[in-house]
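*Asks:* Attaching a predicted model along with its sequence, questions to come.
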Amino acid sequence: MTEGYLGNHFLVSMPQLEDQNFARTVNLICQHDANGALGIVINRLSQHTLLDVFDQLGISVSDHALANAPVFEGGPVHKEFGLVVHSNETEREWESTLRISDQLSLTSSRDILVDIAQGEGPENAIMSLGYAGWGPEQLEQEIMQNAWFSTPVELDILFDASIDQKWMLAAKLIGMDYSKLTSQVGHA
């Protein structure tokens, strides 16, 4: 990670954030540098399942247990664009992959979906449609305005926690109890 940037962190919305795209969300920040940031909302379901995506792309499914896996609303940018956040436990490389950390990657190519459908994909993966994007210094400004806080990624929250618990669990990573916060946090 580049010093001062938040790649491989959760970006957790503060309770007072009312933007309909981001209220009560946890974003996995996949890339953050001087040009801006790219994140994936990991706790907002779309109306689609992986089977819907496989069907639309003409991918045959042999691992039917995965077919009903949810697809997330990754953010308001390019909502038709599919992205897979996945673990890196194998040496397998897919075509369009951005390495987030030693443990995580983000892949946007069809080949990972084919492998997932055949039961040969990564051990842990979630799919989203769309992503969240911030321009240069935009995310930093929003953090200074108390819209967000960040915390290092916790893989159990990312892949294993129930969707309705991810926001509270991410807050607890830094000892935050949302039920005790007011909208005046950080204002003297």
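*Replies:* Arrived safely. Numbering: from 1, shown residues only.
*Asks:* rest of the way, CA atoms for contacts and neighbours
*Replies:* Fine.
*Asks:* Which parts of the protein are strands?
*Replies:* Here the chain has its strands, by DSSP state E, at 9-13, 26-33, 36-41, 45-49, 70-73, 77-87, 97-99, 104-107, 125-134, 148-152.
*Asks:* need the helix or strand of the chain with the lowest average pLDDT.
*Replies:* helix 64-67 (a mean of 76; mean pLDDT, DSSP states H and E).
*Asks:* Spit out the contact partners of the residue nearest the centre of the chain.
*Replies:* By C-alpha atoms, centre = their mean, the mean C-alpha position of the chain lies nearest to residue 40, the distance being 3.2 Å. When contacts are counted by C-alpha atoms under 8 Å, 6 or more residues apart in numbering, residue 40 touches 27-30, 74-75, 128, 130-132.
*Asks:* so which of the strands of the chain gets nearest residue 116?
*Replies:* In terms of C-alpha to C-alpha, the element of these nearest to residue 116 is strand 125-134, at 8.7 Å.
*Asks:* Among the contacts of residue 40, name the buried ones.
*Replies:* Buried subset of the contacts of residue 40 (neighbour count, 16 or more other C-alpha atoms under 10 Å): 27-30, 74-75, 128, 130-132.
*Asks:* okay if I get the residues you listed as a markdown table plus distance to residue 86 and pLDDT?
*Replies:* Converted to a markdown table, the buried ones among the contacts of residue 40 look like this (distance: C-alpha to C-alpha, whole Å; pLDDT from 0 to 100):
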| residue | distance to residue 86 | pLDDT |
| --- | --- | --- |
| 27 | 15 | 98 |
| 28 | 12 | 98 |
| 29 | 13 | 97 |
| 30 | 11 | 97 |
| 74 | 14 | 97 |
| 75 | 17 | 96 |
| 128 | 11 | 97 |
| 130 | 16 | 97 |
| 131 | 15 | 97 |
| 132 | 17 | 97 |
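*Asks:* now those in JSON lines, with distance to residue 96?
*Replies:* Below are the buried ones among the contacts of residue 40 laid out as JSON lines (distance: C-alpha to C-alpha, whole Å):
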{"residue": "27", "distance to residue 96": "21"}
{"residue": "28", "distance to residue 96": "18"}
{"residue": "29", "distance to residue 96": "17"}
{"residue": "30", "distance to residue 96": "14"}
{"residue": "74", "distance to residue 96": "17"}
{"residue": "75", "distance to residue 96": "19"}
{"residue": "128", "distance to residue 96": "15"}
{"residue": "130", "distance to residue 96": "16"}
{"residue": "131", "distance to residue 96": "16"}
{"residue": "132", "distance to residue 96": "18"}
